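> pasted the sequence and its predicted model underneath.
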Amino acid sequence: MHVSAIIAAGGRGSRFGGAEPKQLLPLAGIPILKRTIDAFLNGYAFDEVIVAVPPELAANPPAYLDDVIVVEGGERRQDSVANAVRAIAPSSQVVVIHDAARPLVTPSLIERTIDAAVKHGAAIAALRARDTVKRGDAAGIIRGTLPRDEIFLAQTPQAFRVGVLRDALAIASSATDATDEAMLAEAAGHHVHLVEGDPRNLKITTPDDLDMAERLLGSSNSVAAIRIGNGYDLHRLVAGRPLILGGVTIPFEKGLDGHSDADAVCHAVTDAILGAASAGDIGRHFPDTDSAFKGANSIELLRRAVEVVHRAGYAISNVDVVVIAQRPKLSPHVDAMRTSLARALGIDPRQVSVKGKTNEGVDSVGAGESIAVHAVALIQHAR
């Protein structure tokens, strides 16, 4: 059976506040969106995972979106889901929809929602109300008490046979602002089955929710292992080579000499993250005696090193880089380097620091004959 997953990440998170969408904020050092995607890539064996994101993110997606299908989100949630549905394979039979802001979803919850959708046509995860439920008016006056055993709090994932989901989306109109797909399915005349949800599967809507998610992650491991790695690299400056630092080509009359593109920033960061994970160094993984790496793009080698770190069970929290160069002036290029490194590392640019220093005329660096780089990386168990 062909099962597709859609992660709705097209919203702006206005209730959360802040300058960027909440799904891009770090949760225990890892972007919320990445945690949610990983839950789907590493849990149930989906045939495809489609992620609807804001247009600016779709145009410049971070590295952690490389293994999914990326589509632009719309003005409303159902618009984003509709865009994603258009990208599913024609052979898809069941579609699972999940909020990007629910990063603590478990494989068992995903699986039982799918099973219920296969059996009943439509299913959602939901929690039975535990408290007495009151109905109030705008003035804050209670107007009735609702039967608690009939009240359920909807979550995601929500799963549908493809025909049911298409019926649901077909009735969406400009006058309809559905808060979830189950609401549309109900309006289309379909019965939606309730599946036992998970209290830990909270939706991050406010900063307090983010704090709660941090605590829930912390409670899943008695000790969260944090590890630090150092990296260092130095290359001679020579004529006839481009100067590439942090994946950014910098205008200069000389470039760094080396077997690959000699990107000393990427080399130092690669050593730092590998060292933190006790996974060797750049020479072990990408030896300069191997012709396959002659002229290699070091930002791509860094991406491969990140995969090694992830396979070892770690996530990258932050990286701090010091570039020591007498010339050229690096400050105009620092932000571009931070962005480039962040994409390769699969983290937010705010988790990457790049600083330029001179060597005050001392030794080969101070004489303008070479460039040196120091890097420090912090990693932690991905949990």
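Good, I have the coordinates.
> so what touches stretch 352-360?
246, 265, 318-326, 329-331, 334, 337-338, 341-342, 345, 365-366, 372 (CB atoms under 8 Å, 6 or more residues apart in numbering). All C-beta atoms are positioned from the backbone trio N, CA, C, and that covers glycine.
> the helices in the stretch 201-350 of the chain, which residues?
Taking DSSP state H, counting those that start in this stretch, the helices of the stretch 201-350 of the chain run over residues 207-219, 264-276, 282-285, 298-311, 334-345.
> how about the ones you listed in JSON lines, adding mean pLDDT?
Below are these laid out as JSON lines (pLDDT from 0 to 100):
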{"stretch": "helix 207-219", "mean pLDDT": "83"}
{"stretch": "helix 264-276", "mean pLDDT": "96"}
{"stretch": "helix 282-285", "mean pLDDT": "90"}
{"stretch": "helix 298-311", "mean pLDDT": "92"}
{"stretch": "helix 334-345", "mean pLDDT": "95"}
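> tell me the most buried of those?
Compared across those, helix 264-276 shows the largest average neighbour count, a mean of 27 (mean count of other CB atoms under 10 Å).
> got the end-to-end distance for stretch 288-297?
One end of stretch 288-297 sits 13 Å from the other (CA to CA, to the nearest Å).
> quick one: closest of the helices of the stretch 201-350 of the chain to Arg227.
Nearest to Arg227 among the helices of the stretch 201-350 of the chain is helix 264-276 (4.5 Å), distances taken as CB to CB.
> helices and strands around the closest one, which ones?
Where contact means 3 or more CB pairs under 8 Å, 6 or more residues apart in numbering; DSSP states H and E, helix 264-276 is packed against strand 226-239, helix 282-285, helix 298-311, strand 314-324, helix 334-345, strand 370-381.
> make it 7 Å
Secondary-structure packing of helix 264-276 (3 or more CB pairs under 7 Å, 6 or more residues apart in numbering; DSSP states H and E): strand 226-239, helix 282-285, helix 298-311, strand 314-324, strand 370-381.
> let's see that helix as CSV, backbone CA atoms only.
Extracted in CSV, the C-alpha atoms of helix 264-276 (Å, rounded to 0.1, in the frame of the first residue of the first chain):
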residue,chain,number,x,y,z
ALA,A,264,40.0,25.9,5.3
VAL,A,265,36.8,27.0,7.0
CYS,A,266,34.9,23.8,6.0
HIS,A,267,37.9,21.7,6.8
ALA,A,268,38.1,23.0,10.3
VAL,A,269,34.4,22.7,10.9
THR,A,270,34.4,19.2,9.5
ASP,A,271,37.1,18.2,12.0
ALA,A,272,35.3,19.9,14.8
ILE,A,273,32.0,18.0,14.3
LEU,A,274,33.7,14.7,13.6
GLY,A,275,35.9,15.1,16.7
ALA,A,276,33.0,15.9,18.9
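> quick one: buried residues of stretch 144-155?
Ala154, Gln155 (16 or more other CB atoms under 10 Å).
> tell me the secondary structure for Gln155?
strand (DSSP: H, G, I helix; E, B strand; the rest coil).
> list the contacts of Ala63.
Contact analysis of Ala63 by CB atoms under 7 Å, 6 or more residues apart in numbering lists Arg303, Arg343, Ala344, Gly346.
> ok, 8 Å please
Arg303, Val306, Arg343, Ala344, Leu345, Gly346.
> ok, and the closest non-adjacent residue to the first one?
Sequence neighbours aside, Ala344 is the residue nearest to Arg303 in space, at 4.9 Å (criterion: CB to CB, 6 or more residues apart in numbering).
> isn't that neighbour right next to Val248, touching?
No: with contact defined as CB atoms under 8 Å, Ala344 does not count as touching Val248 (11.6 Å).
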